[in-house]
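Student: Generate coordinates for the sequence data below:
(2 chains)
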Amino acid sequence: MMLREIDRKFYGEGTAAIPAEAGIRRKFGKNDGGRGPKSDISSESYLQTVIRRFKRHHLAAVSLIVLAVIVGAAILAPVIAPYDPNDIAGPFAEGPSKEFWLGTDQIGRDVLSRLLYATRISLLVGVMATLISTGIGVLLGLVAGYFGGVADMIIMRFTDMVMSFPYILLVLVAAAVFKPGMWNIILILGFVDWPGIARLVRGNVLSLRETNFVKGNIVAGMPLRHILFSEILPNTVAPILVYATSVLALSILDEAALSFLGQGVQPPTSSLGNMLNGAQSLTVLTTQPWLWIPPGLLIVVVVMAINFIGDALRDALDPNSGR
Amino acid sequence: MGKYILKRILIAIPVLIGITVIDYTIMCLAGSPLEMLQGPRVSEAAVEAKRIALGLDQPVLVQYFVWLGELLQGNMGYSMKSFQPVSSMIGSHIGPTLLLMGVSLLVSLLLAVPAGIYSAIRQYSKGDYAVVTASFLGSSVPGFFLSLLLIYLFTVKLGWLPSSGMTTLGTQGGAADVAKHMVMPVTVLAFSMAGSNIRYIRSAMLEILQQDYLRTARAKGIGRFLVINKHALRNALVPIITVIGMEIPMLFGGAVIIEQVFSWPGLGLMTMSAISNRDFPVIMGVCLLSAIVVLMANLVTDILYALVDPTIQLD
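Tutor: Below is the predicted model of the structure:
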C-alpha cells in the first residue's frame, strides 16, 4: 500500500522510461539456448525477441501460468464453485472437510465458493481501475508533452497536487465520501492512480517529439490525431504496459486494504479484502484460520505473480537491452 | 542555492493552495457533519443553532476563505467531535506516529542498503536471486495480512508479544514495554518498505558499478574492498537519499492501516476515526500537514543531492 509513492516515483519520473536492471536478469549463454547477444536478431521479429527474453525469466513464466489458472478459475467461478457464494450451505463456522474444502463461515456459507467469487471481484476492480487510470494518464501525458506551454504547466501542477496528497488518505476520504461499493472503488482508484503514467508518457512524448519521423509527419501536414495516436503512442506503449502492471498490482492491494477496513466492496458481495475483514475479530483470528488465511495468501500470490510478470516484461520489452 | 530554495518554495505555494481546494471540495461532497448529530432526541432548532455556530450556513466559498484566513493565523480550527483544537490533537498524536515510522524507516534501511549492495555486487548469483525474490515478496504482501499472521503467531499461538496499543494498560509503560509493542508493527512496515528499497538501491548500485571512475579505481589495484566501500558506496548515497526522501511522506498516512490493526495511538488512528465521523477540520488539518511534509521532503531531497554530489547543479 505504502509502496505506492515509491513505485510512482521510481517508475514515473523523467524520460528514462524503463529503469534497467530493476529486477533479475540472467547471464546469457546458459539459458538462452546458446545464442549470444545480437546473434540472429535480424531474422527475429520484435515479438519473438520479446517472448524469448520473457521466457528467460523462469519465475515470470511460472507466474504467468499461475495467474492464468487463477484468472481462469475466477472467470469460471459460476461453473466450478460447488455452492452459491451467498447461500447458507452448511453448518456455522466449520473447519475444512470433504464436503467444504475450505470450511464454512460464521453463517454457514462455503468459503471456497466465496473465495472464487471474491477473486473475480478483486481482479475486476484491479483491471478496471488500471484501465481507467492508464487512460487518463496517457491522455493527459500526451497533451502535456506534445503541446507544452500552458497546458503542460497546468497539467503538471495538477499532477503534483495529486501526487503530494498522501495517497491512502485521499482514497480513504474519497471512499468515505462516495458510499463504499465496488464501482465507486473502481472509480476512486482509477482517478487517483494516473499521475505516474501521465509523467511517464509526458517524458516519452517530449523526447519523441524531437525525432525525425514525428517532425516529418508534422511537415507532411498529417492530422494531429494521426500524429498523437498512430505515431507517438505506439512508440511509448512498452513502458506504459510495464507501468500498468505495477498499477494493477497496487490496485489489487489497495482494494484489499480498503475492503479490509470496511470502506471497499461491501458484503454480501465477497472480495479478497473483505473476506479478511472478519479476522479483525479475535474469535475468527484465533479459532477459524481457514476463514482468513486462504484469501490473504491468494492476494499475495496474485500480486506477486503480477509483479514478476511486470519485471520480466520490463526486461523483455526494453529495446536497449541488446540481448 | 538560496535562490533555488526560494524558487522551490514559491512553486510549492500554489500547489499547496490547490491541495486545500481539492480537500475542501471533497469535504463538501461528503455531506454535512450535522447528519451525525441528527436523531429523534435532537430538535430541528438545535441542529439549526449548531449549523450557524459552526458557520455551515455560509456559502461554501466563504467557509473556505474563513478557514484559510484562520489557518494563516495559525488556527487550524476545532474538532467537531471533541471540540479540541486540531493543532493540539495532531500534536498529541504525532509523537507515536513519528516514533513508529522513524524506527521502521531505520530498520528498513538497515535491511535494504546492505542487501541491495550485496545483490548488486553479486549480480546473477544465487544470493542475488534470493534477495530480489524476497524483495518482491515484501512489496506483494498486504501489510494488514502480514500483521494478522504475526498477531496469530506471536500473540495468539506463542503469547510473546502484545498485539495492540503502545503500552500495557494499567502499567506505567516504560521504554521496554513500548519497544515490545513496537516489534510487530515495525516488522510489517519495515518489511514492505524494504521490498522496493532493495530493488531501487540494487539498480542504482549496478549503474554506479559500471562507471568509468570505478574501472579506474579497480585498475589502480586498490582492492575490491576499498573500491566498493569507499568509491562506490559514497556515490550510492544519492540513491539512498532518494529512498529516504520518498519514504518520509509516508510517515504521514502510510501507517493508517497498520495503526488501525495494532491500535497504535498515532495520527493514522486519529484520522480514521475523523473520517468515519466526518470531522472536517481534523481531516483537513491532517491532509494539509501531510501535503506540507511531502513538499518539504521533496525539497530537502533535492538540496541533499547537491550536497552529496557536487556535479548536480540546482537552478
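Student: B:Asp128 is in contact with B:Arg122, correct?
Tutor: Yes: contact criterion CB atoms under 8 Å: B:Arg122 and B:Asp128 qualify, at 5.0 Å. Yep, even glycine has a C-beta here, placed from its N, CA and C like the rest.
Student: more crowded one of these two?
Tutor: Legend: neighbour count by other CB atoms under 10 Å in any protein chain shown for B:Arg122 and B:Asp128, higher for B:Asp128 (19 against 13).
Student: Can you classify that one by secondary structure?
Tutor: Classification of B:Asp128 using DSSP: H, G, I helix; E, B strand; the rest coil returns helix.
Student: which residues touch A:Phe92?
Tutor: When contacts are counted by CB atoms under 8 Å, 6 or more residues apart in numbering or on different chains, A:Phe92 touches A:Thr104, A:Asp105, A:Gln106, A:Ile107, A:Gly108.
Student: Up against chain A, what does the stretch 201-315 of chain B have?
Tutor: B:202-203, B:206-207, B:242-243, B:246-247, B:249-250, B:252-257, B:260-261, B:271-272, B:275-276, B:278, B:283, B:286-287, B:290-291, B:294-295, B:298 (CB under 8 Å from any CB of the partner chain).
Student: Point out the ones among the contacts of A:Phe92 that are inside strands.
Tutor: Counting by DSSP state E, the contacts of A:Phe92 place none of their members in strands.
Student: of those, buried ones?
Tutor: A:Thr104, A:Asp105, A:Gly108 (16 or more other CB atoms under 10 Å in any protein chain shown).
Student: how about the residues you listed in a markdown table, adding pLDDT?
Tutor: Formatted as a markdown table, these follow (pLDDT from 0 to 100):
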| residue | pLDDT |
| --- | --- |
| A:Thr104 | 78 |
| A:Asp105 | 77 |
| A:Gly108 | 74 |
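Student: Just give me the closest of the residues you listed to chain B.
Tutor: A:Asp105 (16.2 Å; CB to the nearest CB).
Student: Pretty sure the closest one sits against A:Gly278.
Tutor: Yes: between A:Asp105 and A:Gly278 there is a contact under CB under 8 Å: 7.4 Å.
Student: In helices only, show me the contacts of A:Phe92.
Tutor: In helices, judged by DSSP state H, none of the contacts of A:Phe92 are found.
Student: Low-confidence regions, the stretch 101-250 of chain A specifically.
Tutor: Residues of the stretch 101-250 of chain A meeting the criterion pLDDT under 70: A:166.
Student: interface residues of it facing chain B?
Tutor: So the stretch 101-250 of chain A meets chain B at A:157-158, A:160-169, A:172-174, A:176-178, A:249 (CB under 8 Å from any CB).
Student: and B:Ala45, how many residues sit next to it?
Tutor: So B:Ala45, with other CB under 10 Å, has 8 neighbours.
Student: and the host helix or strand of it, what's its mean pLDDT?
Tutor: Assigning secondary structure by DSSP states H and E places B:Ala45 in helix B:44-53. Helix B:44-53 shows a mean pLDDT of 73.
Student: buried stuff in that helix?
Tutor: B:Lys50, B:Arg51.
Student: quick one on the thing from earlier: now for A:Asp105 and A:Gly278: what residues contact both?
Tutor: With CB under 8 Å, 6+ apart as the test, A:Asp105 and A:Gly278 both reach A:Leu291.
Student: Need the contact partners of stretch A:179-190.
Tutor: Contacts with stretch A:179-190, where a contact means CB under 8 Å, 6+ apart, come from A:121, A:124-125, A:128-133, A:136, A:171, A:174-175, A:178, A:251, A:254-255, A:258-259, A:262-266, A:269, A:271.
Student: just stretch B:3-20 next, same as before
Tutor: Stretch B:3-20 has contacts (CB under 8 Å, 6+ apart) with A:157-158, A:160-161, A:164-165, B:64, B:68, B:284, B:287-288, B:291-292, B:295, B:299, B:302-303, B:314-315.
Student: Among the buried ones among the contacts of A:Phe92, pick out the one closest to B:Ala194, please.
Tutor: Among the buried ones among the contacts of A:Phe92, A:Asp105 lies closest to B:Ala194 (CB to CB), at 34.3 Å.
Student: Now that closest one: phi and psi?
Tutor: phi -90, psi -170 (degrees, to the nearest 10).
Student: From B:Pro162, how far out is it?
Tutor: 28 Å (CB to CB, to the nearest Å).
Student: What are the boundaries of the helices in chain B?
Tutor: Assigned by DSSP H, the helices in chain B fall at B:2-30, B:44-53, B:60-72, B:86-121, B:126-140, B:143-150, B:175-209, B:212-219, B:224-226, B:233-235, B:237-247, B:256-261, B:267-277, B:280-308.
Student: Tell me the helices and strands packed up against the fourth one.
Tutor: In terms of contacts (3 or more CB pairs under 8 Å, 6 or more residues apart in numbering or on different chains; DSSP states H and E), helix B:86-121 is packed against helix B:126-140, helix B:175-209, helix B:237-247, helix B:256-261, helix B:267-277, helix B:280-308.
Student: how about that helix: buried residues?
Tutor: Neighbour-count burial for helix B:86-121 [16+ other CB under 10 Å]: B:86, B:89-90, B:93-94, B:96-97, B:99-101, B:103-105, B:107-109, B:111-113, B:115-121.
Student: does A:Gly137 really touch A:Ala198, like I thought?
Tutor: Yes: under the criterion of CB under 8 Å, A:Gly137 makes contact with A:Ala198 at 4.3 Å.
Student: Isn't A:Tyr167 up against A:Ala174?
Tutor: No: the pair A:Tyr167 / A:Ala174 is not scored as a contact, 10.9 Å apart, by CB under 8 Å.
Student: residues shared between the contacts of the two?
Tutor: In contact with both A:Tyr167 and A:Ala174: A:Val192, using CB under 8 Å, 6+ apart.
Student: So if I had to pick from the two, which one is more boxed in?
Tutor: Neighbour tally, A:Tyr167 and A:Ala174, criterion other CB under 10 Å: the higher count belongs to A:Tyr167, 26 against 22.
Student: any low-confidence regions in chain B?
Tutor: Residue ranges of chain B with pLDDT under 70: B:27, B:29-42, B:54-56, B:170, B:172-173, B:249-254, B:312-315.
Student: hang on, the earlier thing: just give me the closest of the buried ones among the contacts of A:Phe92 to A:Pro234.
Tutor: After measuring the buried ones among the contacts of A:Phe92 against A:Pro234 - CB to CB - the closest member comes out as A:Asp105, at 48.3 Å.
Student: who touches the closest one in this structure?
Tutor: Going by CB under 8 Å, 6+ apart, the list of residues near A:Asp105 reads A:Phe92, A:Ala93, A:Val111, A:Arg114, A:Gly278, A:Leu291.
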